[in-house]
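Asker: Have a look at this prediction, sequence included:
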Amino acid sequence: MPKANNIQVMIVDDQPSMRGICKYILTQLGFVNIIEAKSGRDALGKLETTSVDLIISDWNMDDIDGLTLLRVIRKYPRTQALPFIMATGRSDKEQVREAISSGVNNYVIKPYDAQTLKKRIEAVIGTLS
Amino acid sequence: MSNVSRPREALDSTVIVVQQGDYAVSLAADVVFSTVLGSCIAACVRDVVAGVGGMNHFLLPGQQAPQTPTPAYGESARYGAYAMERLINAVLVQGTGKKANLEFKIFGGGRINAALSDIGGQNITFVHDFLRTEGYAIAGEDVGGTWSRRVMFWPKAGRAMIKRLESEDSAVIARSEIAIARRPESRPNARADIELF
């Protein structure tokens, strides 16, 4: 059973407010190892040097969007199995299908609360102890 | 609430009313967004290069109770940040996609009922904090006061027009805003989320 305080989470969002909200919620859930990336490009750079257990990424971002980030991550052996949760305001079924076909592990609609995010995380990495 | 006649500048325009909890974006020169604000906030965003603009209209939930604190990342802030983010994203998608090209104008946040806590003031504080955190400057604003407002915003030109409403209108508007904010369906977190897995 995974422990939240042993899991390294990367938050990817180009909006500081949204990163702050996600970090606040993760802290409420017991996560302590939280890395922030301010863009898809920043995330890819940090993934080269940092070991991460879970990514929670925004969809709409300036340089590399969440879907492109996901596709790049799935291309490389070292990161292709990395659990990836897409956080977005979009609920269009076609876009959801696109994310699934690209290998997203789960999907959370903004604005989400701690219990919703916990359910999504546990669906991906297992029940948190 | 009395009917407010359409100003001369909007006679040839298509008026789109932006209701509480909603937002709209357009690049058409003959479109004008219109809304009536008591304690609510309307943020008007425009991509100055692409000539695309939008307006939202929100009241932070969880602030109907006079003494409710507003934690930095509590439910209210999450809802407000989402209301801002989806408007900004919609303008970015239809515009140049560059945040540096965005111009913001802020309206509303009136203290309509002196007997209650300053809900409007809390909404103003939120939107100021949000824009500062995101690194956006405010090009213009008409916020606070003890009155309600009708705001019209031409998204392509970025022009805004404000009309202060009579006090008897303000009381009706304030009651309506709070009633809408209390409806479960107006609270995004209360909606059924998509269950995929």
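Answerer: That came in fine, so what should we check first? Numbering: from 1, shown residues only, chains lettered A, B, ... in the order given.
Asker: check contacts around the most centrally placed residue in chain B.
Answerer: Of all residues in chain B, the one closest to the mean position by CA atoms, centre = their mean is B:A42, 1.9 Å from it. Going by CB atoms under 8 Å, 6 or more residues apart in numbering or on different chains, B:A42 touches B:V18, B:T35, B:M55, B:N56, B:H57, B:I106, B:F107, B:G108, B:V151, B:F153. All C-beta atoms are positioned from the backbone trio N, CA, C, and that covers glycine.
Asker: What are the buried residues along the least confident helix or strand in chain A by mean pLDDT?
Answerer: Across the helices and strands of chain A, mean confidence by mean pLDDT, DSSP states H and E is lowest for helix A:93-101: a mean of 81. Neighbour counts over helix A:93-101 (16 or more other CB atoms under 10 Å in any protein chain shown) mark A:V96, A:A99 as buried.
Asker: Any part of the next helix or strand after it near chain B?
Answerer: Following helix A:93-101 in sequence order, the next helix or strand is strand A:106-109 (DSSP states H and E). Yes - shown here: strand A:106-109 in contact with chain B (CB under 8 Å from any CB of the partner chain) through A:N106, A:Y107, A:V108, A:I109.
Asker: can you give me the helices for chain B?
Answerer: B:75-94, B:119-134, B:167-182 (DSSP state H).
Asker: likewise chain A?
Answerer: A:16-28, A:40-49, A:66-75, A:93-101, A:114-125.
Asker: For the third one, give me every contacting residue.
Answerer: The contact list for helix A:66-75 (CB under 8 Å, 6+ apart) reads A:12, A:40, A:43-44, A:47, A:55, A:57-61, A:64, A:79-80, A:82, A:84, A:86-88, A:98-99, A:102-104.
Asker: can you rerun that using 6 Å?
Answerer: With CB atoms under 6 Å, 6 or more residues apart in numbering or on different chains as the test, helix A:66-75 has contacts from A:40, A:43, A:57-59, A:79-80, A:82, A:84, A:86, A:102-104.
Asker: do the same with the fourth one
Answerer: Taking CB under 6 Å, 6+ apart as the criterion, the residues outside helix A:93-101 that touch it are A:M86.
Asker: before we move on, what about the longest one?
Answerer: The list of residues contacting helix A:16-28 from outside it, by CB under 6 Å, 6+ apart, reads A:V9, A:I11, A:D13, A:I34, A:E36, A:A114, A:L117, B:Y73, B:R78, B:A81, B:F130, B:T133.
Asker: lowest average confidence, helix or strand, in chain B?
Answerer: helix B:167-182 (a mean of 74).
Asker: what's the angle from that one to helix B:75-94?
Answerer: 90 degrees (axes from the mean of the first three to the mean of the last three CA atoms, to 10 degrees).
Asker: Name the residues of helix B:167-182 that come out as buried.
Answerer: B:D169, B:S170, B:V172, B:I173, B:A174, B:E177, B:I178, B:A181.
Asker: what helices or strands is it leaning on?
Answerer: Packing partners of helix B:167-182 (3 or more CB pairs under 6 Å, 6 or more residues apart in numbering or on different chains; DSSP states H and E): none among the helices and strands.
Asker: pretty sure B:L87 contacts B:M55?
Answerer: No - using CB atoms under 6 Å, B:L87 is not in contact with B:M55, being 7.5 Å away.
Asker: Which members of the buried residues of helix B:167-182 are the farthest-apart pair?
Answerer: Using CB to CB, the pair of these lying farthest apart is B:D169 and B:A181, separated by 18.5 Å.
Asker: what sits against residue 89?
Answerer: Since you didn't name a chain, this refers to chain A. A:K110, B:R86.
Asker: sorry, should have said chain B
Answerer: Counting by CB under 6 Å, 6+ apart, B:N89 has contacts A:N60.
Asker: again, only this time at 10 Å
Answerer: Neighbouring residues of B:N89 by CB atoms under 10 Å, 6 or more residues apart in numbering or on different chains: A:Q15, A:D58, A:W59, A:N60, A:M61, A:T88, A:G89, A:R90, B:V25, B:G54, B:G97.
Asker: Kindly report the same for B:G54.
Answerer: Contacts of B:G54 (CB under 10 Å, 6+ apart): B:18, B:23-27, B:33, B:43-47, B:86-92, B:94-95, B:153, B:155.
Asker: distance of the closest residue to it other than its chain neighbours from A:Q80?
Answerer: Among residues not flanking B:G54 along the chain, B:V25 sits closest, at 3.6 Å (CB to CB, 6 or more residues apart in numbering or on different chains). Distance, B:V25 to A:Q80, by CB to CB, to the nearest Å: 37 Å.
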